[in-house]
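K.L.:
Sequence first, then the predicted structure:
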Amino acid sequence: MNVCKVDGCELEVAYESSGLCNKHYLRWRRHGDVHYIETTRGSSPEEIYRCILYKVKKDPITGCWNYYPSGSNKPKTGGVNFKGRQIGVHVFMWEYQNKKQRPDDMYICHTCDNPPCCNPEHLWLGTPQDNSDDMMVKKRSAKHNCENNGNSKITNAQAEEIYRLHWKYRYLSKISATRNVMSAKILALEYGVSEHCIANILIDFTFKGLKLRDKYAKYHSIPDIVKKCKVAGCLEKRRGWGYCKRHYASFCQYGDPLKAKKLKNPRRRKK
């Protein structure tokens, strides 16, 4: 009888090509390692701890114990079933180290700010408010992150340039009564992002930490003289192309805004 080639295993070989028994062959197929230890609901804390350590890679520089779930080549957060509870790996490591259960209204926070880390020395017990305060102090929130946010597609410098160009051209167009505007569509094509992304920057919905609206407040204030019709002597409110409603209608119909003075109502057709 051929015996499995794994040291200490006396089971019969089930697959001649690999020289492994059925148990070790399935471990190798599922997890890529014949020595993989799989935990179950009835596993003891020591078995779960040993299984977690098997999936951990220690970083000598930061001291983090990065957890690699089965089938993953990147460190990620994971979970285990312990005493009928589905908890995170870092929570289990803290409970195993401190020999007590975490309260339901408390969090297990990281001093290293590395979610996949499960090093008990990097974990501490705190309230949800403590966790939020720690995030704000370290400037890790979405408000402070800006370009460091995981969903960000542009840098802080690019966001500031987008905001400045759009509102500068819009300010100049209102003063000079021209249609020279740097639209969101043009900026989206230039920076390779969607128009929705550009629009969120322009209305100060994203990148709030840069305080762009306060920095370029001069482009949002328009002098009162600019709001008037550019025809000399007309004090009506400016509409299209720098003209009031009456002069603009004349300009569109005749090509000359001053012809509106000769007509009582330039838009009314003659019967």
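P.N.:
Nice, thanks for sending it over.
K.L.:
where's Ala188 relative to Lys208, distance?
P.N.:
Counting by CB to CB, to the nearest Å, the gap from Ala188 to Lys208 is 20 Å. To be clear about C-beta, it is placed using only N, CA and C from the backbone, and glycine gets the same treatment.
K.L.:
which of these two has more neighbours?
P.N.:
Counted by other CB atoms under 10 Å, Ala188 and Lys208 do not tie: Ala188 has more neighbours, with 17 against 13.
K.L.:
What helix or strand is the more buried one located in?
P.N.:
Ala188 is located in helix 184-191, with elements delineated by DSSP states H and E.
K.L.:
Mean confidence (pLDDT) on that helix, please.
P.N.:
Taken as a whole, helix 184-191 carries a mean pLDDT of 89.
K.L.:
which parts of it are buried?
P.N.:
Within helix 184-191, the residues scored as buried using 16 or more other CB atoms under 10 Å are Ala184, Leu187, Ala188, Tyr191.
K.L.:
Which one of the residues you listed is nearest to Gln101?
P.N.:
Nearest to Gln101 out of the buried residues of helix 184-191 is Tyr191 (CB to CB; 50.3 Å).
K.L.:
right, and the closest one touches Ala184 too?
P.N.:
No - Tyr191 is beyond contact range of Ala184, at 10.5 Å (criterion: CB atoms under 8 Å).
K.L.:
what touches both of these two?
P.N.:
Here Tyr191 and Ala184 share the contacting residues Ile198, scored by CB atoms under 8 Å, 6 or more residues apart in numbering.
K.L.:
returning to what we had before: of all the buried residues of helix 184-191, which two lie farthest apart?
P.N.:
Across the buried residues of helix 184-191, the two members that end up farthest from each other (CB to CB) are Ala184 and Tyr191, 10.5 Å apart.
K.L.:
Could you export the buried residues of helix 184-191 as CSV, including distance to Trp94?
P.N.:
Listed next are the buried residues of helix 184-191 as CSV, based on distance: CB to CB, whole Å:
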residue, distance to Trp94
Ala184, 47
Leu187, 47
Ala188, 46
Tyr191, 44
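K.L.:
Can you tell me which of the residues you listed is closest to Cys109?
P.N.:
Scanning the buried residues of helix 184-191 for proximity to Cys109, where the rule is CB to CB, the winner is Tyr191, at 36.5 Å.
K.L.:
residue contacts, that closest one?
P.N.:
Going by CB under 8 Å, 6+ apart, Tyr191 touches Ile154, Gln158, Ile162, Ile198.
K.L.:
Backbone torsions only: list them for the last one.
P.N.:
Going back to what we said before, that points to Ile198. Backbone torsions for Ile198, taken as degrees, to the nearest 10, come to phi -70, psi -40.
K.L.:
List the residues that contact it.
P.N.:
Contact partners of Ile198, counting by CB under 8 Å, 6+ apart, are Ile162, His166, Ala184, Leu187, Ala188, Tyr191.
K.L.:
Among the residues you listed, which one lies nearest to Gly19?
P.N.:
Nearest to Gly19, judged by CB to CB, of these is Tyr191 at 57.0 Å.
K.L.:
can you tell me how far that closest one sits from Arg164?
P.N.:
Between Tyr191 and Arg164 the distance, using CB to CB, works out to 13 Å.
K.L.:
So among the contacts of Tyr191, where is pLDDT lowest?
P.N.:
At the low end of pLDDT for the contacts of Tyr191 is Ile154, which has 88.
K.L.:
tell me the contacts of it?
P.N.:
Here Ile154 is in contact with Glu147, Ile162, Tyr191, Val193, Cys197 (CB under 8 Å, 6+ apart).
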